[in-house]
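Enquirer: Based on what follows, work out the 3D shape:
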Amino acid sequence: MIFEADCKGSVVTGLRLGRESGGTLFGSRPGMLELELDHLRISCGLPAGFWNGEGEIRDRRLCGWLELKKQREGAVGAMSVTLTPAGENAFRVKPVFEREAA
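Expert: Prediction:
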């Protein structure tokens, strides 16, 4: 599934999953997700409002990693991300840049 990175200017501030995606991605309502960022696996807590229309993950490690990927690609503007299942409540994260999607 493809999701949008939330950006403020050129800085990545989070990952916007959206309310509708919760039921599709998760069999239950976990309080935490594991994300694979290349060789690193991090646990991200979900905010209290995640299941009530605030479907965003705001983790400084995730944002830093996405920002680094964006800079290395020389990408500007919006950034998309794919989440691929990698276990129970775990996902592999991969940035998708405009030239890849075209």
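
Enquirer: could you dump stretch 46-59 to CSV, C-alpha only?
Expert: Extracted in CSV, the C-alpha atoms of stretch 46-59 (Å, rounded to 0.1, in the frame of the first residue of the first chain):
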residue,chain,number,x,y,z
LEU,A,46,0.5,5.0,17.9
PRO,A,47,-1.0,8.2,19.2
ALA,A,48,-4.3,8.0,21.2
GLY,A,49,-6.2,9.5,18.3
PHE,A,50,-4.8,7.1,15.7
TRP,A,51,-8.1,5.2,15.5
ASN,A,52,-10.2,8.3,15.6
GLY,A,53,-9.2,10.0,12.4
GLU,A,54,-5.6,11.0,13.3
GLY,A,55,-3.9,8.2,11.4
GLU,A,56,-0.4,9.5,11.5
ILE,A,57,2.9,8.1,12.8
ARG,A,58,5.2,10.8,14.1
ASP,A,59,8.5,9.2,15.2
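
Enquirer: Now that stretch: average pLDDT?
Expert: Averaged across stretch 46-59, pLDDT comes to 77.

Enquirer: In this protein, what residue spans correspond to strands?
Expert: 2-8, 11-16, 32-37, 40-45, 56-57, 80-85, 90-96 (DSSP state E).

Enquirer: nearest to Glu67, of those?
Expert: strand 11-16 (4.6 Å; Cβ to Cβ). No exception for glycine: its C-beta is placed from N, CA and C like everyone else's.

Enquirer: Many thanks, I have nothing further to ask.
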